[in-house]
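Novice: I would like the atomic coordinates for the input below:
(chains A and B)
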Amino acid sequence: MTYYNEMYEGSQVRDPYARLSQWVETMPADFRQMKQAEAEALFRRIGITFAVYGEGGDPDRLIPFDMMPRVFEQAEWRRLERGIKQRARALNAFLRDVYGRAEIVRAGRIPARLVYQNEAYEKAVVGVVPPRGVYSHIIGIDLVRTAKDQFYVLEDNCRTPSGVSYMLENREIMMRMFPGLFRGNRIEPVDQYPDLLRRTLESVAPAKCNDRPTCVILTPGHFNSAYYEHSFLANLMGIELVEGADLFVDGEFVYMRTTQGPKRVDVIYRRIDDPFLDPLCFRPDSMLGVPGLMDVYRSGGVSICSAPGAGVADDKAIYTFVPEMVRFYLGEEPLLQNVQTWTLWKDDDYRYVMENLPDLVVKEVHGSGGYGMLVGPKSTKDEIETFRKKIEADPGNYIAQPTLALSTCPTFVAEGLAPRHVDLRPYCLCGDRIELVPGGLTRVALREGSLVVNSSQGGGVKDTWVLSE
Amino acid sequence: MKLRIFHQTVYRYDRPARNLVQSLRLTPSVSEGQRTHDWQIDVQGGIRGPGFRDGAGDWIEGWTVRGPTEEVTVTVTGRIETRDTAGVLRGHRELINPLAYLRDTPATKPDQALRDLALTAKDAADPLGLAHRLSAVVSDAIAYMPGQTGFHTTAAEALEKGEGVCQDHAHALIALARLHDLPARYASGYLHTTADGDAHEAAHAWAEINVPGLGWVGFDPANRCCPDERYVRLGSGLDASDAAPIRGIAAGHGIETMDVAVSVEEVERFQTQSQSQTQS
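Specialist: Numbers count the residues shown, from 1 in each chain, chains lettered A, B, ... in the order given. This next block holds a predicted model:
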């Protein structure tokens, strides 16, 4: 398999990397080691040590930061941006539809059972239209590249995608350590993200709010692996970080306890999952949520971001229909491609996958974090056979995809620069407008040859640059 | 049938409780089989919060009591006229696709015994016949016996015991129907009982099964019948907890005890000043 190298075309350095190439070549090895140590110390001091996508594991583990940036030129980024926004529009249109008249189901473009029997489909919000019809306000779309102009969407994250604090911190640390780099390269900024996020949240305040909306971030608490990110974002946005016990329902609204007395809350950016939001509507044993919250939400007294039930759009089984959503709702051809996906509960797909396991990647439908997956070409015969038994026991729990030739980006290793595989998660904001900051979070598989970029599987992160015109 | 309903629930706390929040599903459904003349919900010392009709067609009302208080009383009084629709829920406006009622919850999750029981009713001619068979199967398998099961008893546990109350019958029937790929749900409401009859519990529950061509049809295995004019329907859900007429929680570490009084009386006629008060 050959892999697209983001920096080199043969031995030629690609244009966007020209200056970086000089920078690397003239950097003495001991200086590099010193800087790497400095970066690590900075990350430790800030305390940014959480597992990127709620993957569990040691919450205090530092995710390795690689100093070699990943670079997009303006034109490349513009194309990607159009594709991401298009997908975000389609996903929200789908959510509006399946909690309303479900035209896409009536039209037979997506199987009814896939929607209504989906665990994430929440019947409690059927008929509830959130402000501006937006259900998913922050959409993280995981992309991989296989050629200069070929990007694939690996998955959509419509609930509460995390990792954006890494995007911001990676940039911050690079600028602090190498200010010269940012003088010599015209790099689009990303630090407006917190302002854009706050504006997005305010733009979806309920109609009953007639003042400047009060927004809060609702966290499950400090034991959560992404707690750092919750407090980081609250800080940068200048809004309160609250836990369930800080909020209460009184009459028709939700209030937060403050030292000046109760203050009405209009928009809740929640970082807790649907089942825990409200013990009076969902899991009765949940201590993390706010009793009565869903009644207030359903009667239009507060906005919840993302809206309860938004998860039905990012399920791995629903994923295969996103291109269809783009055509159905927008009347456009999808700009971003899906990865071909075999669903193992279909007989034909099952047969094909079982015959070709050594070539495929197999994932659990509801799995995340790179756990419970098989990368056929990177596995031993024994590993493949063990996995085959797991599939046989519960075929409905798996999907399979071809092994993609993920692009590589030069990455610092002990001997200097070496190619390592990367992906990209941009964060698309949906409120009265749809917008995203140029770039996103680049994850890199630090182990040589590895195609799994998840931090739990030895992944690291990089600063991601989009060059100005 | 003209029915007068009185339903009072008193919650007592051994230590003062604060910030009580309740979500009430205590207003009769709007359907062909029932016409509400007047209906009042009152939570003593409470503030009426949001009220809305949800996707299942249920009228939901939130209430909060700031407290501190050692006692909260929820009182429902109302008059309603019912008629027999042979168990079919007709003229009931709802938005949720029936397929959303195929998923199981812990209360309805089938075990091997429920699976085996489901198989005993597979020779029915059509879905309606099957639903009737399943209801009869549940009536036979679980004898009516109060006090043997509790609110958290699952369908599987009740079947193993062979005894239970209307909640257990409904859960078991829901589990069996879903095993046959028929959408099924829990309905809660009231039942008019004659003084000397053998009908059960005035605060009642039964199952509804979605039958192609007919829509939602009620089945009451506890009384071996389909809901008729003696039944008043309040709302529905995936199971008893999801369909509960009252869901509430209070801040504080006290122990809560509860007293419930329900009466469903038949009256000759309603007083003249009564007026329609359905919320829609």
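Novice: Show me how the record splits chain A into domains.
Specialist: Structurally, chain A divides into domains by automatic domain parsing as follows: A:8-334+A:405-464, A:340-402.
Novice: which of those domains is buried the deepest?
Specialist: domain A:8-334+A:405-464 (a mean of 19; mean count of other Cβ atoms under 10 Å in any protein chain shown). All C-beta atoms are positioned from the backbone trio N, CA, C, and that covers glycine.
Novice: and that one with chain B, contact?
Specialist: Yes: counting by Cβ under 8 Å from any Cβ of the partner chain, chain B is contacted by domain A:8-334+A:405-464 at A:100, A:102, A:105, A:112-113, A:115-117, A:119, A:121, A:123-128, A:248-252, A:279-281, A:284, A:291-292, A:294-296, A:298-299, A:301.
Novice: Can you convert the domains of chain A into TSV and add a column each for mean pLDDT?
Specialist: Formatted as TSV, the domains of chain A follow (pLDDT from 0 to 100):
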stretch	mean pLDDT
domain A:8-334+A:405-464	92
domain A:340-402	89
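Novice: Make CSV from those and add distance to B:Leu128 to it.
Specialist: Shown next, in CSV, are those (distance: least, Cβ to Cβ, whole Å):
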stretch, distance to B:Leu128
domain A:8-334+A:405-464, 21
domain A:340-402, 29
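Novice: List the contacts of whichever strand or helix holds A:Asp66.
Specialist: Secondary-structure assignment from DSSP states H and E places A:Asp66 in strand A:65-72. Under the criterion Cβ atoms under 8 Å, 6 or more residues apart in numbering or on different chains, residues A:6-7, A:16-17, A:20, A:24, A:32, A:35-36, A:39-40, A:43, A:80, A:170, A:173-174, A:177-178, A:409-412, A:417, A:422, A:424, A:438-439, A:442, A:444, A:446, A:460-467 lie in contact with strand A:65-72.
Novice: do the same with stretch A:146-155
Specialist: Against stretch A:146-155 from outside (Cβ under 8 Å, 6+ apart): A:4, A:79-80, A:83, A:87, A:141-145, A:314, A:316, A:319, A:322, A:336-339, A:404-407, A:423.
Novice: Can you list which of the residues of domain A:8-334+A:405-464 next to chain B are found in strands?
Specialist: Members of the residues of domain A:8-334+A:405-464 next to chain B lying in strands (criterion: DSSP state E): A:248-250.
Novice: got the residue ranges for the strands in the stretch 351-469 of chain A?
Specialist: Assigned by DSSP state E, counting those that start in this stretch, the stretch 351-469 of chain A shows strands spanning A:360-364, A:374-375, A:398-402, A:408-413, A:416-425, A:427-430, A:434-436, A:441-445, A:459-466.
Novice: CSV please, covering the ones you listed and showing distance to B:Glu61.
Specialist: As requested, the strands of the stretch 351-469 of chain A are exported to CSV (distance: least, Cβ to Cβ, whole Å):
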stretch, distance to B:Glu61
strand A:360-364, 41
strand A:374-375, 51
strand A:398-402, 43
strand A:408-413, 57
strand A:416-425, 42
strand A:427-430, 32
strand A:434-436, 36
strand A:441-445, 44
strand A:459-466, 49
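Novice: of all of the stretch 51-200 of chain B, which residue lies closest to chain A?
Specialist: With Cβ to the nearest Cβ as the measure, B:Gly55 is the residue of the stretch 51-200 of chain B nearest to chain A, at 3.0 Å.
Novice: Let me see the contact set for residue 46.
Specialist: Looking at chain A here, since you left the chain open. A:Glu169.
Novice: um, chain B though
Specialist: Counted by Cβ under 8 Å, 6+ apart, B:Gly46 has contacts B:20, B:22, B:63-65, B:72.
Novice: among the residues you listed, which two are most distant?
Specialist: Greatest spatial distance among the contacts of B:Gly46 (Cβ to Cβ): B:Thr64 and B:Val72, at 10.6 Å.
Novice: Touching both of those two, which residues are there?
Specialist: Common neighbours of B:Thr64 and B:Val72 (Cβ under 8 Å, 6+ apart) are B:20, B:46.
Novice: Spell out whether stretch B:62-76 and chain A are in contact.
Specialist: Yes: part of stretch B:62-76 sits near chain A under the criterion Cβ under 8 Å from any Cβ, namely B:62, B:64, B:66.
Novice: Which of those sits closest to A:Glu188?
Specialist: Using Cβ to Cβ, these come closest to A:Glu188 at B:Gly62, 46.2 Å.
Novice: quick revisit: what is the neighbour count of the residue of the stretch 51-200 of chain B closest to chain A?
Specialist: Number of residues near B:Gly55 (other Cβ atoms under 10 Å in any protein chain shown) recorded here: 20.
Novice: Please apply the same query to the one 10 residues further on.
Specialist: The number of residues packed near B:Val65 is 24, by other Cβ under 10 Å.
Novice: show me what contacts it?
Specialist: B:19-20, B:22, B:43-47, B:72.
Novice: Excluding chain neighbours, give the residue nearest to it in space.
Specialist: Leaving out its chain neighbours, the residue that sits closest to B:Val65 by Cβ to Cβ, 6 or more residues apart in numbering or on different chains is B:Leu20, at 4.1 Å.
Novice: just to revisit the earlier point, sheet partners, orientation included, of the strand holding A:Asp66?
Specialist: strand A:459-466 (parallel) (DSSP bridges).
Novice: List, one by one, the residues from chain B near chain A.
Specialist: Residues of chain B lying near chain A (Cβ under 8 Å from any Cβ): B:19, B:21-23, B:47-52, B:54-56, B:60, B:62, B:64, B:66, B:95-97, B:99-103, B:238, B:241, B:247-249.
Novice: Dihedrals phi and psi, the nearest residue to A:Arg447 once chain neighbours are set aside?
Specialist: Among residues not flanking A:Arg447 along the chain, A:Gly458 sits closest, at 4.7 Å (Cβ to Cβ, 6+ apart). Here is the backbone geometry of A:Gly458 (degrees, to the nearest 10): phi 80, psi 30.
Novice: Against A:Asn118, how distant is A:Gly458?
Specialist: A:Gly458 sits 32 Å away from A:Asn118, going by Cβ to Cβ, to the nearest Å.
Novice: what's the answer for B:His192, then?
Specialist: From B:His192 to A:Asn118 the distance is 40 Å (Cβ to Cβ).
Novice: Same check on A:Leu20?
Specialist: 44 Å.
Novice: Wait, a helix at A:Asn92?
Specialist: Yes: the assignment for A:Asn92 is a helix, going by DSSP: H, G, I helix; E, B strand; the rest coil.
Novice: these two touch, right, it and A:Tyr135?
Specialist: Yes: A:Asn92 is in contact with A:Tyr135 according to Cβ atoms under 8 Å; the separation is 5.8 Å.
Novice: For chain B, what's the nearest residue on the stretch 51-200 of chain A?
Specialist: Counting by Cβ to the nearest Cβ, the stretch 51-200 of chain A gets nearest chain B through A:Val126, at 3.0 Å.
Novice: Hmm, that residue is touching B:Leu95, no?
Specialist: Yes: in this structure, A:Val126 is within contact of B:Leu95 by Cβ under 8 Å, at 5.0 Å.
Novice: who touches both of these two?
Specialist: B:55-56.
Novice: Distance-wise, check A:Cys215 relative to B:Gly33.
Specialist: Distance, A:Cys215 to B:Gly33, using Cβ to Cβ: 45 Å.
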